[in-house]
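**Student:** mind folding the following:
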Amino acid sequence: MIELQIQIFLLAVVGFVLGKKNILNMETKDHLVDVILMVVLPCSILESFEMELSPEILVSTLNVLLISCGIQVFYWIWNHIFYRKAEEGRRICLKYATMVSNAGFIGMPVAAAVYGSLGLLYASVFLLPQRIFMWSYGLSMFTTVSSREVVKKVLTHPCIIAVFLGLVIMICYTSGIYLPSALSDTIGQIGGCSTALSMMLIGAILSDVEPKEMLNKDALIYSFYRLLLIPFLVGLLLWKLPLDSTSVRVSVLLTAMPAASTTVMLAEKYHRDYRFASELIMTSTILSLVTIPVVAFVLNSVPF
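**Tutor:** Numbering: from 1, shown residues only. The predicted structure follows:
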């Protein structure tokens, strides 16, 4: 675990240096985001499904799906209790950033690094409800959204497509039908880049952060909620339930991720407080470099 923490930190440092030297400039970072979301993460998902379907895996993945749906309800309740005193523009950003974390971009590589292919499989399933909610309830926070737009955004997301293709692959493997080794190895090599590329990109993004962006009181309070308090409460709720330990650990770990980058995109597009949204992302992302390894260490130390 300690070696993994050091590796993740060093990968972020490499990206930070490349960002400072402008090797990973704004245009390059935008292209790298597309490469990771459109190719690398989907390949990671496909690779995680390259196993035979057993009753234990079926039950565990269903448990993860139910846990994720329950956590989305938990976020909805949380949003109706907290942030009530915040100014409207900030309140919308806070509520969205609580419900939609960066679990897809950062969480999946971390889950794979900590818990292997099974962790990545659980993470892929865990993110299904979040991606549905982010384009429905989440988008409705900023503007009205049609059911057609929701369905389109969900079904055309590369990671969602990869999950459905992965299910087909798992069924084929269970039936004794395997992917050609050349194709399987190619998918594995591309997917194996996810942790390195993701953390280097995070480091490059953080190289643009001004120190004053870390001093916003609301952003610091949000980061405490998002990175520590919410995972603790979720873990407490799941602690004594009769669930597979790995599925619980992955689920709690993914609740400890920073704010999603779509918070800024939507805030800017729909004329909300996009500067504050940017502060939420930067503050929570920087602090997550410390808190994620701590949460992972605690999860592996506590018996579930």
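**Student:** from here on, contacts and neighbour counts on C-alpha atoms
**Tutor:** Noted.
**Student:** what separation do you get for Lys244 and Arg226?
**Tutor:** Careful, residue 244 is Asp; it's not Lys. Taking C-alpha to C-alpha, to the nearest Å as the measure, Asp244 and Arg226 are separated by 24 Å.
**Student:** between the two, who's got more neighbours?
**Tutor:** Arg226 (23 against 16; other C-alpha atoms under 10 Å).
**Student:** verify the contact between the more buried one and Ala256 for me.
**Tutor:** Yes. Assessed by C-alpha atoms under 8 Å, Arg226 is found in contact with Ala256 at 6.2 Å.
**Student:** tell me the contacts of Asn132?
**Tutor:** Heads up, residue 132 is Ile, not Asn. By C-alpha atoms under 8 Å, 6 or more residues apart in numbering, Ile132 lies in contact with 150, 154.
**Student:** ok but Pro303 is inside a helix, no?
**Tutor:** No. According to DSSP: H, G, I helix; E, B strand; the rest coil, Pro303 belongs to no helix; its state is coil.
**Student:** ramachandran coordinates for Ile67?
**Tutor:** Main-chain torsions, Ile67, degrees, to the nearest 10: phi -60, psi -40.
**Student:** not counting sequence-adjacent ones, nearest residue to it?
**Tutor:** For Ile67, ignoring the flanking residues on the chain, the nearest one in space by C-alpha to C-alpha, 6 or more residues apart in numbering is Ser251 at 7.3 Å.
**Student:** ok, now which ones touch Ser184?
**Tutor:** Glu47.
**Student:** could you measure from it over to Ile190?
**Tutor:** Relative to Ile190, Ser184 is positioned 10 Å away (criterion: C-alpha to C-alpha).
**Student:** got it, and Gly116?
**Tutor:** 16 Å.
**Student:** cool, and Thr174?
**Tutor:** Thr174 is 24 Å from Ile190, by C-alpha to C-alpha.
**Student:** go on, Met26?
**Tutor:** Counting by C-alpha to C-alpha, the gap from Met26 to Ile190 is 23 Å.
**Student:** the residue nearest to Ile67 contacts Leu65, doesn't it?
**Tutor:** No. Counting by C-alpha under 8 Å, Ser251 stays clear of Leu65, with 9.4 Å between them.
**Student:** between these two, what contacts are shared?
**Tutor:** Overlap of the contact sets of Ser251 and Leu65 (by C-alpha under 8 Å, 6+ apart) consists of Phe126.
**Student:** and those two? Which one has more around it.
**Tutor:** Using other C-alpha under 10 Å, the more surrounded residue of Ser251 and Leu65 is Ser251, with 28 against 22.
**Student:** quick one: contacts for the more buried one?
**Tutor:** Counting by C-alpha under 8 Å, 6+ apart, Ser251 touches 64, 67-68, 122-123, 126.
**Student:** how about 10 Å then?
**Tutor:** Ser251 sits next to 64-65, 67-68, 71, 107, 111, 119, 122-123, 125-127, 231, 234-235, 238, 245 when contact means C-alpha atoms under 10 Å, 6 or more residues apart in numbering.
**Student:** tell me the secondary structure at it.
**Tutor:** helix.
**Student:** make sure Val234 is indeed in a helix.
**Tutor:** Yes. Assessed by three-state DSSP, Val234 belongs to a helix.
**Student:** neighbours around it, how many?
**Tutor:** Neighbours around Val234, by other C-alpha under 10 Å: 20.
**Student:** apart from its chain neighbours, what residue comes closest to it?
**Tutor:** Leaving aside its chain neighbours, Val234 sits nearest to Val252 (6.4 Å; criterion: C-alpha to C-alpha, 6+ apart).
**Student:** I'd say the one you found and Leu299 touch.
**Tutor:** Yes. Using C-alpha atoms under 10 Å, Val252 is in contact with Leu299, at 8.1 Å.
**Student:** okay, those two: which has more neighbours?
**Tutor:** The neighbour count for Val252 versus Leu299, taken as other C-alpha under 10 Å, is higher for Val252 (25 against 20).
**Student:** show the model's pLDDT score for the more buried one.
**Tutor:** As predicted, Val252 sits at a pLDDT of 96.
**Student:** my read is that Phe74 contacts Pro231, right?
**Tutor:** No. In this structure, Phe74 is not within contact of Pro231 by C-alpha under 10 Å, at 11.4 Å.
**Student:** of those two, which one has the most company?
**Tutor:** Pro231 (20 against 15).
**Student:** go through stretch 38-45 and flag the buried ones.
**Tutor:** When burial is assessed from 16 or more other C-alpha atoms under 10 Å, stretch 38-45 yields the following buried residues: 39-45.
**Student:** between those residues, which sits nearest Pro55?
**Tutor:** The shortest approach to Pro55 among the buried residues of stretch 38-45 belongs to Ile45, at 20.1 Å (C-alpha to C-alpha).
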